[in-house]
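> Have a look at this prediction, sequence included:
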Amino acid sequence: MSQPSPPADSGSAPTAADYYAVNRGGGLFSEALSQRLGAQVAVHAHKHRLAPTVLTVLNLGLGGLVSIVVIAAAEPIADGRVWAWPIGLLALLGWQVAYAFDCADGQLARVTGQTSLAGARLDVLCDVAVQISLVAALAATAEAQVPDTPAWLLAAFAGTWMVNLVTSVMQTGDKAASMVTSRSFPVRLIKLVRDYGAVIALAGLVLTVAPQWTIWFVGLFTLVNAAFLAASVMFSAREALHS
């Protein structure tokens, strides 16, 4: 990608409001916090002439590193050799900052005219890698805290977790569709269970205050994502039959 430059119709650098205006949402929590943090990151990235790809790689590096630390600490925390709260706090903040980089790369690319197919592919691939590491960290913690955690549950958790990412990618372009189009506050509140920013915040809180509850987090989001997958299949099948 080329070096960023201000929009052609403006003589000044884009503001955080300019970047936030082109955000791709993600849910109530993500729009209120993650995308706003991303806009601030984009402002500083533009100031220091960083390409969007740099932010994409920072998301991968930070998100993956935090997950590795959580995995490495899972057994020591379960054995009582390491305090849980510092590792949990690292996960809570680190995963959120990584997600802010993920929000910022797209904002920066769109506002400064640096969008490209290669950049979009890299963004998705890095998102996949970060989320694999996050799922591995949560699974490792659950198994360390409850050694007899069923293998099938961890496998189902890992598989269904990716439903969010896959459907997000499918929600782009002129073929996008939504099962629930309402943007009313009650609906958006319910949709927090599928808001990536909110979900990783909850995961970080669980790791911080009660890592022994990670197994319940794993079970809950396995059910949520499996239910959404089933609903999506039925919705798509109905649309296909009537097209």
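In hand now; what should we look at?
> What separation is there between the residue nearest the centre of the chain and residue 164?
Relative to the mean C-alpha position of the chain, the nearest C-alpha, by C-alpha atoms, centre = their mean, is the one of residue 196, at 4.4 Å. To residue 164, residue 196 is 6 Å away according to C-beta to C-beta, to the nearest Å. (C-beta placed from N, C-alpha, C; glycine too.)
> Residue 100 too?
For residue 100, the distance to residue 164 equals 18 Å [C-beta to C-beta].
> Have a look at those two and say which one is more surrounded.
More crowded of residue 100 and residue 164, by other C-beta atoms under 10 Å: residue 100, with 25 against 20.
> Quick check: closest non-adjacent residue to the more buried one.
Nearest residue to residue 100, sequence neighbours excluded (C-beta to C-beta, 6 or more residues apart in numbering): residue 37, at 3.9 Å.
> Please, which helix or strand holds that neighbour?
Per DSSP states H and E: residue 37 is located in helix 35-47.
> Report all helices and strands that that helix contacts.
Judged by 3 or more C-beta pairs under 8 Å, 6 or more residues apart in numbering; DSSP states H and E, helix 35-47 is in contact with helix 16-20, helix 52-78, helix 84-111.
> tell me the angle that helix makes with helix 84-111.
Angular relation of helix 35-47 and helix 84-111 on a 0 to 180 degree scale: 60 degrees, by axes from the mean of the first three to the mean of the last three C-alpha atoms, to 10 degrees.
> pull the CA atoms of the helix-or-strand element of the chain with minimal mean pLDDT into CSV?
None of the helices or strands of the chain scores lower by mean pLDDT, DSSP states H and E than helix 185-190, at a mean of 78. What follows is helix 185-190, C-alpha atoms only, in CSV (Å, rounded to 0.1, in the frame of the first residue of the first chain):
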residue,chain,number,x,y,z
PHE,A,185,-31.9,-0.4,21.4
PRO,A,186,-33.5,-3.6,22.8
VAL,A,187,-32.5,-5.5,19.7
ARG,A,188,-29.0,-4.1,19.7
LEU,A,189,-28.7,-5.0,23.4
ILE,A,190,-29.6,-8.6,22.7
